[in-house]
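Provided below for reference: sequence and predicted model.
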Amino acid sequence: MEAATDLQGASATLAPGEIGEADALRAQTWALLASLLRQPPAAAMLDGIATSEPGADDDERPLASAWRDLRDAAAAADAARIDDEFHDLFIGVGRGELVPYASWYRTGFLMDRALVSLRQDLQLLGFERNADVHEPEDHVSAVAEVMAMLADPAEDHDASTQALFFREHVDSWMPALFEDLRNARCADFYLSVGRLGEAFLAFERAWLDAVN
């Protein structure tokens, strides 16, 4: 598994092919976050993270450091314990410690206007809800999946489209969720997921500003 490195400030010096490679790594990181926030990781995914290459060990830039924390957490993790941790964080009895929906973070209510706005923009972008998915579209994993598709060079979405979606439907609430995850009482392995999420959002904010 490859890890997106901290490329902030580099976009102006990258050739188009190099930007494409960076975008592919961005898409992979979004997809990984989507998977980790949709369901607890299986042992095979933990093994993949544990053997990833997040950059030089002496690289203290936030994103590289957060990747190393996730790698180390995955190497020491037990899949059964993470399953319990995920349930306590996101499901619980009635509800988990965190409520990972844009509507909740933006308005304090579920199924609120943030979800309506997101659905309208997804329709404009040509994304359709999978009939097998029961979660509302503003669940953090679903929003991360959309960002993965927008960032994927093969999907051919321009940087302006990515930036608009990021500002409206990601940066408007997801930083608060990742901060809460990083500080959650029930979190152990997911502390490192929260840290990676925070660092990656900061990277995305700078990257999308730089390429627009």
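Perfect, I can see it now. Numbers count the residues shown, from 1 in each chain.

Next, count neighbours for residue 20.
12 (other C-beta atoms under 10 Å). Yep, even glycine has a C-beta here, placed from its N, CA and C like the rest.

In terms of helices and strands, where is it?
Of the helices and strands defined by DSSP states H and E, residue 20 is found in helix 16-38.

can you give me how far the very next helix or strand once past that helix is from the chain middle?
Sequence order places helix 43-50 as the next helix or strand after helix 16-38, per DSSP H and E. Relative to its parent chain, helix 43-50 has a centroid offset of 17 Å by C-alpha atoms, centre = their mean, to the nearest Å.

Burial check on residue 131, number of neighbours?
6.

Check the gap between residue 124 and residue 141 for me.
21 Å (C-beta to C-beta, to the nearest Å).

before we move on, the earlier item: give me the angle between the helix holding residue 20 and helix 43-50.
Between helix 16-38 and helix 43-50, the angle comes out at 140 degrees (axes from the mean of the first three to the mean of the last three C-alpha atoms, to 10 degrees).

In helix 16-38, which residues are buried?
19, 22-24, 26-38 (16 or more other C-beta atoms under 10 Å).

Just list what it packs against, helices and strands only.
helix 140-151, helix 189-211 (3 or more C-beta pairs under 8 Å, 6 or more residues apart in numbering; DSSP states H and E).

what sits against the residue sitting nearest the centre point of the chain?
The centroid of the chain falls nearest to residue 33 when counting by C-alpha atoms, centre = their mean (3.8 Å). Shown in contact with residue 33 (C-beta atoms under 8 Å, 6 or more residues apart in numbering): 141, 144, 193, 196, 197, 200.

number of nearby residues for the second one?
So that's residue 144. Residue 144: 23 neighbours (other C-beta under 10 Å).

before we move on, what about the fourth one?
Burial of residue 196 is recorded as 30 neighbouring residues (other C-beta under 10 Å).

Equivalent analysis for the one 3 residues further on, please.
Applying other C-beta under 10 Å, we find 22 residues neighbouring residue 199.

gap between it and residue 89?
19 Å.

re earlier: redo the contacts of residue 33 as JSON lines? Include distance to residue 186 and pLDDT.
Below are the contacts of residue 33 laid out as JSON lines (distance: C-beta to C-beta, whole Å; pLDDT from 0 to 100):
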{"residue": "141", "distance to residue 186": "18", "pLDDT": "97"}
{"residue": "144", "distance to residue 186": "21", "pLDDT": "98"}
{"residue": "193", "distance to residue 186": "13", "pLDDT": "98"}
{"residue": "196", "distance to residue 186": "18", "pLDDT": "97"}
{"residue": "197", "distance to residue 186": "16", "pLDDT": "98"}
{"residue": "200", "distance to residue 186": "22", "pLDDT": "97"}
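
and which of the residues you listed is nearest to residue 52?
residue 196 (11.2 Å; C-beta to C-beta).

ok, that closest one to residue 172 distance?
20 Å.

coming back round to it: using JSON lines, lay out the helices and strands packed on helix 16-38 together with distance to residue 96.
Below are the helices and strands packed on helix 16-38 laid out as JSON lines (distance: least, C-beta to C-beta, whole Å):
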{"stretch": "helix 140-151", "distance to residue 96": "12"}
{"stretch": "helix 189-211", "distance to residue 96": "11"}
